[in-house]
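Colleague: Please work out how this folds:
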Amino acid sequence: MSDVPSRWSAQQEAVLRKIAELEVCSSDTSMAAVRARYEAEAQWWNEGGPALPVEERRVPTRRGAVRATVARGGDPGAPVIVWIHGGGYIVGSPETHERLTRTLAHLTKATVVSVDYTLVPEARFPQPVEECVAVVRHIRAHADEWGVDGADITLAGDSAGATLAVATWLWLRDEVGDASGIRCLLLAYGGYGLRDSVSRRTLGGWWDGMTPDAMASWQAHYIDADHRRSPYYDVLAANLTGIPPCHVLATSLDPLLDLSLIHI
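Modeller: Down below sits the predicted model:
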């Protein structure tokens with residue numbers, strides 16, 4: 001492991017101090033408690049930002065209804081950004097990323113739909129992918145009801161959500177046979193299948209909870225070993241012919257950095 005703490009900027013140091021200050025300490029290791037602490041710790045980060053109307057909708061899928069929040073940054077008929085949150089597939093929600101999606105809607109004048117896909121262990125691969133696909137298909141089919149342009153959709157997400165965004169486009173193309181209307185993909189520090197890499201082995205630690213053991217644990221919760229070469233998980237090994245333009249965001253001390261440097 002490299003000496004990551006010695007490479008932090010003053011701003012990063014301040015962020016980590018704030019994270020430690022907000023940490024909710026508990027001996028309860030149940031999944032429900034872990035998620036509750038994550039939600040509570042996210043509240044401070046969601047304060048402020050642009051004030052936008054946000055509504056909640058339910059989208060039918062073959063696995064049951066999926067909740068989504070809708071932040072409107074522009075006029076009726078605006079383009080859509082489908083946001084898929086990160087959290088290692090085990091934590092996170094539209095609420096943990098709420099300021100981010102409000103800000104994204106405000107800056108782009110788009111309508112941002114944040115998908116509350118089913119987390120693991122309640123769901124395992126490929127259910128979260130199927131749910132995100134169902135949301136996109138529902139928006140396209142009911143664009144007038146949603147008050148959006150269903151032929152102008154951007155898929156976006158962070159971390160596990162970035163992987164799900166690519167997988168959603170691939171599933172639309174290969175399983176549905178219709179990936180039309182996807183303008184681009186906005187992908188922030190994605191795992192893209194959690195391949196082994198130098199950054200993955202050397203940059204994670206106690207400060208971000210992304211040690212190799214932790215990432216292997218998330219992977220085991222989400223997907224069986226014999227499915228890990230699926231193109232809807234190992235997305236960088238998939239046939240990416242025809243993929244729309246991708247904006248790939250990464251940071252220099254991210255354990256997933258090397259995966260973002262493999263250009264989609």
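Colleague: For the stretch 151-264 of the chain, which residues score under the pLDDT cut-off?
Modeller: Applying pLDDT under 70 to the stretch 151-264 of the chain flags residues 263-264.
Colleague: Which parts of it are helices?
Modeller: All helices of the stretch 151-264 of the chain, identified by DSSP state H, counting those that start in this stretch, fall at 160-171, 198-202, 212-222, 257-260.
Colleague: just checking, what packs against the longest one?
Modeller: Right, helix 160-171. Helices and strands touching helix 160-171, by 3 or more CB pairs under 8 Å, 6 or more residues apart in numbering; DSSP states H and E, are strand 78-84, helix 127-141, strand 148-158, strand 182-188. Where you see a C-beta, it was placed from the backbone N, CA and C, and this is true even at glycine.
Colleague: Name the residues of the longest one that are buried.
Modeller: If you call a residue buried by 16 or more other CB atoms under 10 Å, then helix 127-141 has these buried ones: 127-140.
Colleague: next structured bit after it?
Modeller: Sequence order places helix 143-146 as the next helix or strand after helix 127-141, per DSSP states H and E.
Colleague: And that next one, what does it pack against?
Modeller: strand 148-158.
Colleague: Direction included, what does the strand it packs on pair up with?
Modeller: strand 78-84 (parallel), strand 182-188 (parallel) (DSSP bridges).
Colleague: Point out the most buried one among those strands.
Modeller: Mean neighbours per residue, mean count of other CB atoms under 10 Å, is largest over the strands paired with strand 148-158 for strand 78-84, with a mean of 24.
Colleague: Pull the distance from it to the chain's centre.
Modeller: Taking CA atoms, centre = their mean, to the nearest Å, the mean C-alpha location of strand 78-84 is offset from the chain mean by 13 Å.
Colleague: neighbouring contacts of it?
Modeller: With CB atoms under 8 Å, 6 or more residues apart in numbering as the test, strand 78-84 has contacts from 72, 94, 97, 100-101, 104-105, 108-115, 117, 132, 135-136, 139, 146-150, 152-157, 161-162, 164-165, 168, 183, 186.
Colleague: Mind listing what's buried along the helix or strand just after it?
Modeller: Proceeding C-terminally, strand 78-84 gives way to helix 98-108 as the next helix or strand, assigned by DSSP H and E. Residues 98, 99, 100, 101, 102, 103, 104, 105, 106, 108 are the ones in helix 98-108 that count as buried (16+ other CB under 10 Å).
Colleague: and the gap between the residue nearest to the first one when sequence neighbours are not counted and residue 156?
Modeller: Leaving aside its chain neighbours, residue 98 sits nearest to residue 46 (4.7 Å; criterion: CB to CB, 6 or more residues apart in numbering). Taking CB to CB, to the nearest Å as the measure, residue 46 falls 18 Å from residue 156.
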